[in-house]
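*Asks:* predicted model follows, preceded by the sequence.
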Amino acid sequence: MTRPALLLALCGLLSSFLVWMVLDHNHARNSGTEIILDMEPVDPRSLFRGHFVIIRTPLHDLNLTNLEGDDDFEDGDRVYVTLAQNPNGDWLPVSTNKTKPDSTQTFLQGRVENLSVFSARTGDEYPLIDHRGLDVQYKIESYFADKASAKALERKVREAKMRVILSVTKDGQAVIRGIEINGERHLDKL
């Protein structure tokens, strides 16, 4: 194979891979279960990453004492967090597992970033009880926006209730679809 033909084949292969990534992301955004989570945004800027909002949800800091399932995690372990919707429509964690739950349940797949153990006392007559907590990362921790949108978000963060809109696939992968500000949905376009 000649050098130009090899270069053309390599460019075609890389282009095909990029197209597949976009189509796969689009499929995950449009075919998954939609869940909306409260978020605590922080608006940093980075010279290399541009304008983005760091997202923290109630699913990022889990108290294993309140959840069913496995609780013997180590830093770096994969964790499957099963969710259930309460009567108010909020999605809450109900269990943590080391193995993938069955496909009829809604769950997020994450990675244990940090394991914590803390002690608590419920009253003077009760002994100290050790609680285990997990800091979990789901690959949804950054929401990128163009400069104008990021500036507008930065102003709204101070006065508005913000929630993140996710699409969760059957294998637990989460993709950010957009954000909700005071009940108004802002979905991203691909």
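*Replies:* Sure, I can see it.

*Asks:* from here on, just use CA atoms for contacts and neighbour counts.
*Replies:* Fine.

*Asks:* what bridges to V53?
*Replies:* V53 forms beta bridges with Y143, as assigned by DSSP bridges.

*Asks:* if I look at it, how far off is E74?
*Replies:* In this view, V53 and E74 are 28 Å apart by C-alpha to C-alpha, to the nearest Å.

*Asks:* those two: which is more packed in?
*Replies:* Higher neighbour count among V53 and E74: V53, with 20 against 15, using other C-alpha atoms under 10 Å.

*Asks:* these two touch, right, the more buried one and S142?
*Replies:* Yes - at 5.6 Å, V53 counts as touching S142 under the criterion of C-alpha atoms under 8 Å.

*Asks:* quick one: terminal-to-terminal distance for stretch 97-107?
*Replies:* 10 Å.

*Asks:* now what about it, what contacts it?
*Replies:* If you take C-alpha atoms under 8 Å, 6 or more residues apart in numbering as the criterion, stretch 97-107 is touched by 33, 69-71, 77-84, 168, 170-172.

*Asks:* report the buried residues of it.
*Replies:* Neighbour-count burial for stretch 97-107, counted by 16 or more other C-alpha atoms under 10 Å, picks out N97, K98, K100, P101, T106, F107.

*Asks:* centre of the chain to it, how far?
*Replies:* 16 Å (C-alpha atoms, centre = their mean, to the nearest Å).

*Asks:* and stretch 5-15, by the same measure?
*Replies:* The answer for stretch 5-15 is 34 Å, by C-alpha atoms, centre = their mean.

*Asks:* and stretch 138-151, by the same measure?
*Replies:* With C-alpha atoms, centre = their mean, you get 13 Å for stretch 138-151.

*Asks:* N26 - how many residues pack around it?
*Replies:* There are 15 residues near N26, going by other C-alpha under 10 Å.

*Asks:* quick check: it vs A174, distance?
*Replies:* To A174, N26 is 12 Å away according to C-alpha to C-alpha.

*Asks:* give me the spatial nearest neighbour of Y138, chain neighbours excluded.
*Replies:* Leaving out its chain neighbours, the residue that sits closest to Y138 by C-alpha to C-alpha, 6 or more residues apart in numbering is G110, at 4.5 Å.
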